[in-house]
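Visitor: could you work out the structure for the sequence below:
(chains A and B)
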Amino acid sequence: MIAEYGHMALIVALCLSIAQAIVPMAGSFAGYRTWMRLGHSLAIGQLVFVAISFACLTAAFVQDDFSLQYVANNSNTLLPTQFKISAVWGAHEGSLLLWALILAVWSAAVALFSNHLPLVLSSRVLSILGAISVGFGLFILLTSNPFARILPFSPTEGGDLNPLLQDFGLIVHPPMLYMGYVGFSVAFAFAVAALIGGQFDSAWARWARPWINSAWVFLTIGITLGSWWAYYELGWGGWWFWDPVENASLMPWLVGTALVHSISVTEKRGAFRSWTLLLAILAFSLSLLGTFLVRSGVLTSVHAFANDPERGIFILAFLGLVVGSSLLLFALRGPVVQQHRAAADAVSYSGLSREMMLLLNNVLLVSAMAMILIGTLYPLIADVLDLGKISVGPPYFNFFFVPMTLGLMVAMGFAVFSRWKKTDAQLLRQKGMVPFLISLSAALILPLFLADSISWASYSITAVITLGASFWVLTMSLEDLWQKLDRGSSKASSKLKNIGKLPGSYWGMQCAHIGIAVCALGVGLSSVYDVQKDVRMVPGDRVAVAGYEFSFDSLDYVQGPNFGASRGQISAYKNERLVAVLYPEKRKYEARNQVMTEAALDAGLTRDLYVSLGEPLKGDAWAIRLHVKPFVRCIWLGGLMIGLGGLLSVMDKRYRRRKPSTQSSSQSSSQSSSQSSAQLKAQADATVAAAQ
Amino acid sequence: MHPLRKQRLQLVILLVASAALVIGLVIYMLRENGNFFYTPAQIISGEAPQNTFLRAGGMVVDASVLRSEDSLWVQFKITDGVEMLTIEHTGILPDLFAEGEAAIASGKVDENLVLQATQILAKHDEKYTPPEVADAMNEAYKQKEAAKTGSYK
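Guide: Alright, predicted model coming up:
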């Protein structure tokens, strides 16, 4: 019966979302405040029912209810309980239910935390979120119902979860990634609401910014976790494959990053308005495109599982509707936004200014996204046009992405020092001198020590460039921080005092930028100094790889809850000293009769030792892959720092003023903060009313 | 020319030139790095180019997998139902590689029409068949059927 309750709850949630899409929007045009307020209650009601539905599906998994098709396909009585729960979103139907749940969470969050917004705006935002929920609700109920039964002959045992997904990574990666993907729907809803109302100014940007930043934080962490998971779980030590599905998550991230920067210009300077709107629409459209690519199975990908073409068509139609209607709205209402801008036109900036730097950032990020989009969709287009079946390899992506990232990093160093409106070129030259010299010397000297031996052959230009760019960002950021703390007097005590005075968004920027430098360091150095050896070993063999000696000690058989495994014991020595004992496994999952490589690794900040069992050869011999990966941890450490930076920025005090307060004049970071939020709100209400 | 117009013209020329450059680069890189997919039949018939990086896919033929005793060299055959293609590879095969299952190999075809693979991909999920392989098998099946009905006439 539980499944039926879940199904009913989902239908109720769909009905509520239909009401949520229509009533507040109609109310906002008619001027009925009660109708507008209803959106808030409906959003919370919708969350309750989607959550009930989700809980029912989880219960079905925990109770091994194999009369449900979805549970029978993706679970097993032997599956450990934590994986039974994460199996809920382990395949198509359930992952869409997770999408719907997270969308409901974001909608409810908007409903709860939007008291300081003009009612017209918040009701429209909720109404648009409701419309998106309708799309997904229909999608789930019509094409991918997780509550479908197999009756009367339901199986007594389930087919088990794909072994690759029986991992901690599945528990955390998809929810994080979806929080990011779906979070951009809030940015999208804010943008569309602004276009409908024609009100789009610094106040709008300030309201939308925490939502956009939070979605971006989740997406950043989600991608980082995904990369880390692929690294240790796929078993072969790669961390990014330029796979269509990875690209599908990177594209919204790149546009989201551009958006995070562009909206700061809109908030503080009132510039880049239409552009910010367009980016918000684009970010969500790319999230939907990502869903389409993953769920339709049109592309060959490590993420492609058995699929149903009908679903692809549904998402494609939904994507077309969302992109088409929002761009049409943008074309129709964009000029109104521009007029507003003309009214308050104090926006001017010169060739060398923070605005220009951020424009450069946006151009590079969006171009990088465009190149990835072309590379990802080209095989699809070629297939449709009958040009043959093509796949685009990593060299294409690296060719465009690497130089653009380097360009971004060079600009990033200067951008920290640039001022709004106009920056003195002399100043940049002066500030950049010391960091430039430090980075140059670090870049030239460090590669000598990173390689095994000091020789021209092992001196890597890639390492020089990586180190140069990373140190440049790092030193420029630190110099700026030092000078910010130095303000007033140079006493150590006053520096410490100044630490608390710097706004959260400043710390966020610093943390994220240094995170980029750390991540780039990891990417560059691990790809240059990575050493990999595929060897044939029998117990007792010793093999030297990049200064380490790996000894294959023994091989055992171990029994897991739902698998049996051959487990090797491999000891790693450096200079005859034992560094680590690794236990790589080759597992055989009984239910699916599927073999899986479980790599063993010894993690460290400066290097990872990574060992995986290949396949058994004749006799006692095994094919074994031995990896020494210097600095590979920095990739994910950097990713987490970028996410933390976004989080610091979200927690900036200036976004947390709910009620009009007297202390707002003490905020110094933002231009418009001299106006109290009460004034802003009144003004915004008036503007929206006037626009109708 | 009016100085302002001259500036604008320069800007337009700059934009057009850089756009052309970028588009040219993209097309070039896509051609260089776009790996075509061929069926075993296409490779055996000589339709596929030699010494060019490409991908081939099909079902791994039963009992065709040969391993070296002292290295990681392996040889196997794949089929699309029409022809068999020999593939050689040195390295570790993916977990789901098995006889009778779908696999995709990428590499170059040598003069003996043997694919020297640098990478072998097997499916990721036991229910999933890569669309290229499924298409190739269907195509081959249709041709066979057509040939059969043709021979009855």
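Visitor: what helix or strand is residue B:118 on?
Guide: Per DSSP states H and E: residue B:118 is located in strand B:114-122.
Visitor: typo on my end, residue A:500
Guide: Per DSSP H and E, residue A:500 falls inside helix A:492-501.
Visitor: what's the offset of that helix from the middle of its chain?
Guide: The chain centre lies 34 Å from the centre of helix A:492-501; the measure is C-alpha atoms, centre = their mean, to the nearest Å.
Visitor: report the residue ranges of every domain in the chain.
Guide: Assuming you mean chain A. With domains defined by automatic domain parsing, chain A comprises A:1-166, A:167-342+A:350-421, A:424-529, A:533-631.
Visitor: correction: the question concerned chain B.
Guide: According to automatic domain parsing, the domains of chain B span B:1-34, B:37-152.
Visitor: still on that earlier bit, any chance of the domains of chain A in TSV, plus distance to residue B:15, mean neighbour count and mean pLDDT?
Guide: Where C-beta positions appear, they are placed from N, C-alpha and C, glycine not excepted. Formatted as TSV, these follow (distance: least, C-beta to C-beta, whole Å; neighbours: other C-beta atoms under 10 Å in any protein chain shown; pLDDT from 0 to 100):
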stretch	distance to residue B:15	mean neighbour count	mean pLDDT
domain A:1-166	35	21	92
domain A:167-342+A:350-421	12	21	86
domain A:424-529	24	17	86
domain A:533-631	40	18	90
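Visitor: need the domains of chain B in JSON lines (columns: mean pLDDT, distance to residue A:162 and mean neighbour count).
Guide: Supplementary listing: the domains of chain B in JSON lines, determined by pLDDT from 0 to 100; distance: least, C-beta to C-beta, whole Å; neighbours: other C-beta atoms under 10 Å in any protein chain shown:
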{"stretch": "domain B:1-34", "mean pLDDT": "84", "distance to residue A:162": "30", "mean neighbour count": "12"}
{"stretch": "domain B:37-152", "mean pLDDT": "81", "distance to residue A:162": "6", "mean neighbour count": "17"}
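Visitor: the nearest residue to residue A:620 once chain neighbours are set aside: what's it in contact with?
Guide: Leaving aside its sequence neighbours, residue A:620 sits nearest to residue A:538 (C-beta to C-beta, 6 or more residues apart in numbering or on different chains; 4.8 Å). Taking C-beta atoms under 8 Å, 6 or more residues apart in numbering or on different chains, we find residue A:538 in contact with A:552, A:619, A:620, A:621, A:622.
Visitor: try it again with 10 Å
Guide: Shown in contact with residue A:538 (C-beta atoms under 10 Å, 6 or more residues apart in numbering or on different chains): A:552, A:555, A:617, A:618, A:619, A:620, A:621, A:622.
Visitor: was I right about the last one contacting residue A:535?
Guide: Read that as residue A:622. Yes: assessed by C-beta atoms under 10 Å, residue A:622 is found in contact with residue A:535 at 9.2 Å.
Visitor: any common contacting residues for those two?
Guide: Common neighbours of residue A:622 and residue A:535 (C-beta under 10 Å, 6+ apart) are A:541, A:552, A:614.
Visitor: which strand residues bridge the second one?
Guide: Which is residue A:552. Per DSSP bridges, the residues bridged to residue A:552 are residue A:570.
Visitor: contact partners for it?
Guide: Residue A:552 makes contact with A:535, A:537-543, A:568-571, A:611, A:613, A:620-622, A:624, A:626, according to C-beta under 10 Å, 6+ apart.
Visitor: what does the first one give?
Guide: With contacts taken as C-beta under 10 Å, 6+ apart, residue A:541 has the following neighbours: A:535, A:550, A:551, A:552, A:553, A:570, A:620, A:621, A:622, A:624.
Visitor: check the last one too.
Guide: Listed by C-beta under 10 Å, 6+ apart, the contact partners of residue A:614 are A:235-236, A:534-537, A:584, A:586, A:597, A:622-625, B:72, B:91-95.
Visitor: quick check, central residue of chain B?
Guide: residue B:55 (1.9 Å; C-alpha atoms, centre = their mean).
Visitor: how about residue A:513: what's its closest non-neighbour residue?
Guide: Leaving out its chain neighbours, the residue that sits closest to residue A:513 by C-beta to C-beta, 6+ apart is residue A:477, at 5.3 Å.
Visitor: and what of residue A:333?
Guide: residue A:195 (4.3 Å).
Visitor: any idea how far chain B is from the one you found?
Guide: Computed as C-beta to the nearest C-beta, to the nearest Å, the residue A:195 to chain B distance reads 28 Å.
Visitor: so residue A:110 sits against residue A:42, correct?
Guide: No: checked against C-beta under 10 Å, the pair residue A:110 and residue A:42 is beyond contact range at 11.8 Å.
Visitor: between these two, which contacts overlap?
Guide: Listed as contacting both residue A:110 and residue A:42 by C-beta under 10 Å, 6+ apart are residue A:126.
Visitor: how about the residue in the stretch 451-600 of chain A positioned nearest to chain B, secondary structure?
Guide: Proximity of the stretch 451-600 of chain A to chain B (C-beta to the nearest C-beta) peaks at residue A:595, 4.7 Å away. Following DSSP: H, G, I helix; E, B strand; the rest coil, residue A:595 is assigned to strand.
Visitor: residues touching it, list them.
Guide: Neighbours of residue A:595 in contact, by C-beta under 10 Å, 6+ apart: A:163, A:563, A:565, A:586-589, A:615, B:94-98.
Visitor: can you tell me which of those is nearest residue A:95?
Guide: Nearest to residue A:95 among the contacts of residue A:595 is residue A:163, at 17.6 Å by C-beta to C-beta.
Visitor: so what's the residue in the stretch 1-150 of chain A that chain B sits nearest to up against?
Guide: Scanning the stretch 1-150 of chain A for the residue nearest chain B gives residue A:73, at 8.7 Å (criterion: C-beta to the nearest C-beta). Applying C-beta under 10 Å, 6+ apart to residue A:73 gives the contacts A:66, A:87, A:90-93, A:150, A:155, A:158-162, A:306, B:127.
Visitor: and of these, the nearest to residue A:275?
Guide: Comparing those against residue A:275 with C-beta to C-beta places residue A:92 closest, at 35.5 Å.
Visitor: just give the nearest non-adjacent residue to the closest one, would you?
Guide: With C-beta to C-beta, 6+ apart as the criterion, residue A:92 has its nearest non-adjacent residue at 5.8 Å, and that residue is residue A:144.
Visitor: residues contacting that neighbour?
Guide: Counted by C-beta under 10 Å, 6+ apart, residue A:144 has contacts A:70, A:91-97, A:295, A:308, A:310-311, A:314.
Visitor: one more pass at 6 Å, please.
Guide: Residue A:144 is in contact with A:92, A:93, A:96, counting by C-beta atoms under 6 Å, 6 or more residues apart in numbering or on different chains.
Visitor: what's the top helix by length along chain B packed up against?
Guide: If you go by DSSP state H, chain B has its longest helix at helix B:3-33. Secondary-structure packing of helix B:3-33 (3 or more C-beta pairs under 6 Å, 6 or more residues apart in numbering or on different chains; DSSP states H and E): helix A:394-417.
Visitor: picking that back up, ok, which pair from the contacts of residue A:538 is furthest apart?
Guide: A:552 and A:618 (15.5 Å).
Visitor: residue boundaries of the helices in the stretch 151-300 of chain A?
Guide: Using DSSP state H, counting those that start in this stretch, the helices found in the stretch 151-300 of chain A span residues A:168-197, A:202-233, A:244-269, A:273-296.
Visitor: just the helices in chain B please.
Guide: Secondary structure of chain B by DSSP H: the helices cover B:3-33, B:40-44, B:131-152.
Visitor: ugh, wrong one, I meant the stretch 551-692 of chain A
Guide: A:633-650, A:677-691.
Visitor: weakest of the ones you listed by average pLDDT?
Guide: Across those, helix A:677-691 has the smallest mean pLDDT, namely a mean of 47.
Visitor: residues touching residue A:545, list them.
Guide: With C-beta under 6 Å, 6+ apart, residue A:545 has these contacts: A:531, A:533, A:626, A:628.
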